[in-house]
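S.K.: Below: sequence and its predicted model.
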Amino acid sequence: AQTVTQSQPEMSVQEAETVTLSCTYDTSENNYYLFWYKQPPSRQMILVIRQEAYKQQNATENRFSVNFQKAAKSFSLKISDSQLGDTAMYFCAFSRGSTLGRLYFGRGTQLTVWP
Amino acid sequence: ETGVTQTPRHLVMGMTNKKSLKCEQHLGHNAMYWYKQSAKKPLELMFVYNFKEQTENNSVPSRFSPECPNSSHLFLHLHTLQPEDSALYLCASSLTADGGGETQYFGPGTRLLVL
């Protein structure tokens, strides 16, 4: 079974600072994908970043980057220059490479950015 | 209209009512999903449709009945629900569900309250 663990239920950061959200996962698969999704108060789930397990290079999207440690099964999200609009619930998710689109989600980390 | 839309956004129903949730995607995708998001629990995948065929039913009670008439529309028919079915129901779509790694795009959700 695939499991995704987010050990930080809540985090807070000052505007313009950097914050890192943790995620670990458990799988016996070698081909898989990892995602970070953001769910702001509007409840619309939005993709933040996507990582292919076979790629060693860490994915980046503007202020968002990941630290993908395949051996440790760790996939943390770093948000640089935090903005008030980054306040949201962040979900880490896992997808196997072989099967029918199923996403396994963690329980989420509520991030609050303070002015 | 673009993206994934869901109607209604809010729904209150009694346990004996019958109602339907609607999801529509304008992205040209071929796979659609229903998820349930309850407080304090990870997102739960309910159903997957790939090219209009149901490919996954994640042990969902029969009081939830999905329907996918074409690749752009997905319905969730509800009847004789229980109070514990109160949750946010999210619809998502992806290009296909033939393998993992496809990014899923989410709608804004329907907030359901069962009295």
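M.R.: Nice, I can see it.
S.K.: Which secondary structure element is home to the residue nearest the centre of chain B?
M.R.: Note on chain B: the residue nearest the mean C-alpha position is B:W34, at 2.8 Å, using C-alpha atoms, centre = their mean. Here B:W34 is covered by strand B:31-37, with elements defined by DSSP states H and E.
S.K.: Can you give the distance of that strand from its chain's centre?
M.R.: 4 Å (C-alpha atoms, centre = their mean, to the nearest Å).
S.K.: what sits up against it?
M.R.: Identification of contacts with strand B:31-37 by C-beta atoms under 8 Å, 6 or more residues apart in numbering or on different chains yields A:101, B:23, B:25, B:43-51, B:66, B:68, B:71, B:74, B:76, B:87-97, B:102, B:104, B:109. For the C-beta atoms, the positions are set from N, CA and C on the backbone; glycine is no exception.
S.K.: I'd like to know how many residues surround the residue lying closest to B:C23 once chain neighbours are set aside.
M.R.: Excluding the flanking residues, the one nearest B:C23 by C-beta to C-beta, 6 or more residues apart in numbering or on different chains is B:C91, at 3.4 Å. Here the count is done by other C-beta atoms under 10 Å in any protein chain shown, and B:C91 has 27 residues near it.
S.K.: Report the buried residues of the strand or helix carrying B:C91.
M.R.: B:C91 belongs to strand B:87-94 when assigned by DSSP H and E. Along strand B:87-94, the positions that meet the burial threshold by neighbour count (16 or more other C-beta atoms under 10 Å in any protein chain shown) are B:87-94.
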